[in-house]
Each structure stands twice: as C-alpha cells, then as structure tokens.
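Visitor: Generate coordinates for the sequence data below:
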Amino acid sequence: MDSSAGQSTSFTPRGSGVRVPLRPHTAFVFELLVLALLTTVAAGLRLWRLGEIPAGFHVDEAFNLIDARDVIAGWRPVFLPANAGREVLYTYWQAALIGIFGDSIAVLRSASAIAGTLAVPATWLAARSLAPIGTSTRTVALLSAALLTGSYWHLHFSRFGIRAVLFTPFVAAMAWAWWRTLRAPQEQALRRAVLAGAVLGLAAYVHPAGRGLFAVPLAHALVRRTFFGDREALRRVAICLGAMLVVASPLLWFWAVHPSVFLGHAGEVSIVGSGTGGIAANLAKVLGSFNVDGDPARWRNLPGRPVFDVAAGAAFIFGIFYTYRAARRGDDGATLTLIWLAMLLIPTIVTDAAPNFSRAIGALPAACLLAAIGLERACARLEHGPFGRADRGAPSGRFHRGKAPSDQFPSREDSEDPMVEVDTAASATPREEAPIAARRIGLPSANLAKAIAIGV
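Guide: Next up is the predicted model:
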C-alpha cells in the first residue's frame, strides 16, 4: 500500500527548524503549479521569435508547407509520398493552424512549438507513473519535465517545422497509457487497453519510429510473462495491438498497395546489411551522443553538442545504473523505462548518419526521466536524507516476485493523492516482501523548486 496515503507530507521553512505538515492534496496542487510554470517556460522558449529563429527556411519545411496547403484545398492523404515519404498527422496539424491563423513561417513552425510544449506535461505524466520505488515520485516527475523543457535537442526540433517533435508527446502518452493498462482492474482493462492501442495506432501517422512503437509494450509484456509468469499482460497487450491495427488500418492498406513507399527510404538508410561491425560502431556513437559527441548535422543539432551537459550527463549515467538495479529487483516501472529507451534508440542505431537526433527523438523523454532519477538520488544522498517521506513507500502496483499475477492490477482506492492508484491486494503484503520500501527517501513538495534549481 502506498505509504503516503492517509499521511501528510511535510516541509521545513528556512531557519525555523519546525516541520510543517503539508496535506497530500495541497502537495499535489503545488506540484501542478510547478508543472504549469515549467509548461509556460517551455512555451515561451519555443514560441519566442519563431518566425526569425532559426533563420531561413529549410527544404523539409517547404515540402510541409506545400502539403499543408494541399490539405486545406481538399486533399486527404493517409501518407505523404514526396520527399522520401512522410507521415501525415503533422501536416494535418499544420493545415489546421494555417487555416486559423494564416500562412506564415511562424504559424508553420508553431505546429512544432505547441507539440514540444505539450510534451512537457506528457513527460511529467509518464515519469510520475514510472519513477522507481525508492525515489520521490513528485520530484522525479518535475525534474523530468524541467530537463525536457531546457533540452537543446527538444528545443531545436520544437522550433523547426518538421514532424519529429510531435512524436515526443505521443511516446510519453504511450508509456503512461500502457502503464495504466497494466494497473487497471479487470472491469477497466478493456477500455484502457483500447486507449493505449489507439495511441500506438496514431503514432504510426506521426513518425517513422511510430511504426515500431508497439515493440515497447510488447517487449514489456513478454518480460512480465517470461520472468513472472504474467499471462494477463500478454492478453492486455494483444488487445492494445488489435486496437492499434484498427486505427492504423488505412495506413496499412496504403502500404500494402504501395510497398515501395513503405520500404523505399528505410532501405536506403539501413545499415543492417553491413554486418555487426557497422551496427556496433553506430551503437558506440549513439551511446556517446548523450555525454560526449552528439549529432553532427547542423539542421538537427549544434554540431557535436551532446544531449546533456556534464552534470545532467553524470546524473543520466547514475540514473541508468539505479534504474537497472531497480529493474533487477522487480520494479516494473524501471523495467518499462529501460525498454522504452532501448527500443527508441534502435532507429538511429541501425541506420546511417548516427547519431541522428531526428530518428532517435522518441528516446528523449525516457532519457530525461533517467537523468531526473539520477539527480533525485544524488540530491538525496548528498543531503543525507533530509528530504522527508517518499511519495510511494511500498511497491503498490509494481509487479514483483512473490505475488500472483491477478494481484498486480490495482484499483483507485485508499489514496489521498489524486494521481496514485493503490493496489489493495498489495496492502496486505508483508514488509519483508518489499525491503526497498523501508529504505525509501523522498523529497517534500515545498522543496521541489529548490531541487529543480540544483538539478537543472
């Protein structure tokens, strides 16, 4: 059971030495206010002088403008064959904005700026669901949102009128929707699985990597089945995939009729035929892009700039190790986070010009989540644990050894946090089944802004 349910978070006013109780709903309101501030900052960074910065007009933006004008004129494609083939949802989004606000570079790029801004709360939502046991959920979620807000990689594509950045809110929404599908009680499982499948289906209309996004929940369900005997996860992922096929069926039919459009560009950029040596070299480049040497292409990055600066890069590495250890102990959210990162890096690992930040952008929210985990844990250790009580003290809703699969899908009961779903079956779990809970260290919500300032 969630150890914070029914209890108040507390904070210590500067210089007072007195701990003041902060009720869970008050803490949640404070969290939403911080999230709103981060989202506002993200919008400002992405919209300011959008028609002037970056200067010029890229050829890919020009293709998108032509297609958006055709959509406004009545064209209704399911895929855009020109310019090596492009997914269509971004063009419909651009056409809607141009139809309302007029035809200009700023309006064209605002499709990316708005999508990039929406990715911030979407990442917060996913991070709040997946933060490992032993971390402060609120802190990890807000730090994830803060890191994405200030990420140059994300900011670059948020000010560029192409489809790449639209993928980030969809990927974060997928992680959240799949997590809720796993946690759903039986009477809600179908509805949530269909919702997750719809997100997967729409992702195929957003980005080339969206075609394989289903591999994330599928791999996660297979891990649960292989290591924990969870057949229910496979049943639910099958429902997700069925809903995905329904939503994506017009696009699948188009590809069936025009297979060269589906395979053409992918075949041109693939290096799979070069053998394991080429893939291994790409893997080293992609892993190094986070801390050493990033995408060298000027239209995708400041040439060579890594994903993270020194501090955030160190936190990212620490976060990976911490999350891996949590996954080894049976933390299901940690497992899903690592699968998310690995699967969404594959598009740039198996293609040319690695690291390619446009192809790998779906991994960015997961990378920010891992860096946030590292920052939160580093702050907790440096401060010797004065952060108070954790947001989730027991592994409720997590799939861990010693519990039957039927007990793994919680209902929304007995929690004062509006965002926490408590596994009522887990509430009776003996303490020795969850030794991690006794070691959990959290951060009170009143100190969240300080933590963000330190971490970012």
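Visitor: For residue 159, what are phi and psi?
Guide: In terms of degrees, to the nearest 10, the main-chain angles of residue 159 are phi -110, psi 20.
Visitor: so it makes contact with residue 51?
Guide: No - contact criterion C-beta atoms under 8 Å: residue 159 and residue 51 do not qualify, at 10.1 Å. Any C-beta I mention is one placed from the backbone N, CA and C, and that applies to glycine too.
Visitor: Pick out whichever of the two has more residues nearby.
Guide: Higher neighbour count among residue 159 and residue 51: residue 159, with 21 against 12, using other C-beta atoms under 10 Å.
Visitor: Find residues that contact each of residue 159 and residue 51.
Guide: Residues touching both residue 159 and residue 51 by C-beta atoms under 8 Å, 6 or more residues apart in numbering: residue 109.
Visitor: so how many other residues sit close to residue 363?
Guide: 26.
Visitor: what kind of secondary structure is it in?
Guide: With DSSP: H, G, I helix; E, B strand; the rest coil as the basis, residue 363 sits in helix.
Visitor: One more: residue 52?
Guide: Per three-state DSSP, residue 52 ends up coil.
Visitor: And the strands in the chain, which stretches?
Guide: For the chain, strands defined by DSSP state E occupy the ranges 9-11, 20-22.
Visitor: any idea how far residue 116 is from the residue nearest to the spatial centre of the chain?
Guide: In the chain, the centroid-proximal residue (C-alpha atoms, centre = their mean) is residue 172; its distance is 3.3 Å. Per C-beta to C-beta, to the nearest Å, residue 172 is found 12 Å from residue 116.
Visitor: Kindly report the same for residue 287.
Guide: Distance of residue 287 to residue 116, given as C-beta to C-beta: 25 Å.
Visitor: now swap in residue 328 and tell me
Guide: Taking C-beta to C-beta, one finds residue 328 at 34 Å from residue 116.
Visitor: between the two, which one's more packed in?
Guide: A direct count of neighbours by other C-beta under 10 Å for residue 328 and residue 116 places residue 116 higher, at 29 against 10.
Visitor: Pretty sure residue 121 sits against residue 148.
Guide: No - here residue 121 does not reach residue 148: they are 9.9 Å apart, not a contact under C-beta under 8 Å.
Visitor: Who has more neighbours out of the two?
Guide: Legend: neighbour count by other C-beta under 10 Å for residue 121 and residue 148, higher for residue 148 (30 against 20).
Visitor: correct me, but the more buried one touches residue 367?
Guide: No - in this structure residue 148 lies outside contact range of residue 367 using C-beta under 8 Å: 9.2 Å.
Visitor: Are there residues contacting both of the two? Which ones?
Guide: The overlap between the contact sets of residue 148 and residue 367 (C-beta under 8 Å, 6+ apart) is empty.
Visitor: quick one: low-confidence parts of the chain?
Guide: 1-22, 384-456 (pLDDT under 70).
Visitor: try 80 this time
Guide: Within the chain, the segments meeting pLDDT under 80 span 1-24, 383-456.
Visitor: And for residue 309, the neighbour number?
Guide: 14.
Visitor: now it: how far from residue 294?
Guide: Residue 309 is 11 Å from residue 294, by C-beta to C-beta.
Visitor: where do the helices sit along the stretch 251-400 of the chain?
Guide: Ranges of helices in the stretch 251-400 of the chain, per DSSP state H, counting those that start in this stretch, are 259-269, 276-288, 310-328, 332-349, 364-382.
Visitor: just the ones you listed: most buried one?
Guide: Ranked by mean neighbour count, the helices of the stretch 251-400 of the chain are led by helix 364-382 with a mean of 26 (mean count of other C-beta atoms under 10 Å).
Visitor: Specify the angle between that one and helix 310-328 in degrees.
Guide: Relative orientation of helix 364-382 versus helix 310-328 (axes from the mean of the first three to the mean of the last three C-alpha atoms, to 10 degrees): 90 degrees.
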